[in-house]
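**Student:** Here's a sequence, model it:
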Amino acid sequence: QEQLVESGGGLVRPGGSLRLSCVASGFTLDRYSIGWFRQAPGKEREGVSCIGGYDGTTDFADSVKGRFTISRDNAKNTVYLQMNNLKPEDTAVYYCAVDRFRDWCTFHVYEYDTWGQGTQVTVSS
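**Tutor:** Got it, this is the predicted structure:
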């Protein structure tokens with residue numbers, strides 16, 4: 001069974017850090033584009049960061065540039081989202097997803113074919 005499982009979410013104070021993990025089972029991540037998305041209550045799901053499958057090119061939403069980084073560990077079949085200097089507006093459920101049809105990554109939700117169940121990130125004092 002092919003699936004993605006996120007972990008690493010939690011409650012953190014403003015200015016704190018978290019590292020989210022996205023582990024794949026049933027398939028290997030290294031050749032595919034991976035995206036991290038988030039959805040806050042009452043809001044649409046939005047792209048946060050992604051890493052391309054062809055050359056590892058990364059992209060970030062303007063709201064997280066300079067604070068978040070994305071990386072992959074092919075030996076562990078895992079993609080990470082390192083989140084630093086977290087802000088209350090980063091509070092959301094974070095999802096990872098895989099796009100197996102394009103070598104580059106985008107923030108288009110409809111281009112991703114498999115999603116994880118999400119992990120809650122809450123930034124609050």
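
**Student:** Please name the residues that touch the residue nearest the centre of the chain.
**Tutor:** By C-alpha atoms, centre = their mean, the chain has its centre lying nearest to W36, at 2.3 Å. The contact partners of W36, taken as C-beta atoms under 8 Å, 6 or more residues apart in numbering, are 20, 22, 47-50, 70, 79, 81, 94-96. The C-beta positions use only the backbone N, C-alpha and C, and glycine is treated the same way.

**Student:** so it, which of the three states?
**Tutor:** Here W36 takes the strand state, with states given by DSSP: H, G, I helix; E, B strand; the rest coil.

**Student:** Q120 versus that one, what's the distance?
**Tutor:** Separation of W36 from Q120 (C-beta to C-beta, to the nearest Å) stands at 14 Å.

**Student:** Okay, strands next: where are they in this structure?
**Tutor:** Taking DSSP state E as the test, the strands found in the chain are 3-7, 10-12, 18-25, 33-39, 46-51, 58-60, 68-73, 78-83, 92-99, 114-115, 119-123.

**Student:** Would you check how far apart the residue nearest to E111 when sequence neighbours are not counted and Y110 are?
**Tutor:** With C-beta to C-beta, 6 or more residues apart in numbering as the criterion, E111 has its nearest non-adjacent residue at 5.1 Å, and that residue is D99. Using C-beta to C-beta, we find D99 at a distance of 10 Å from Y110.
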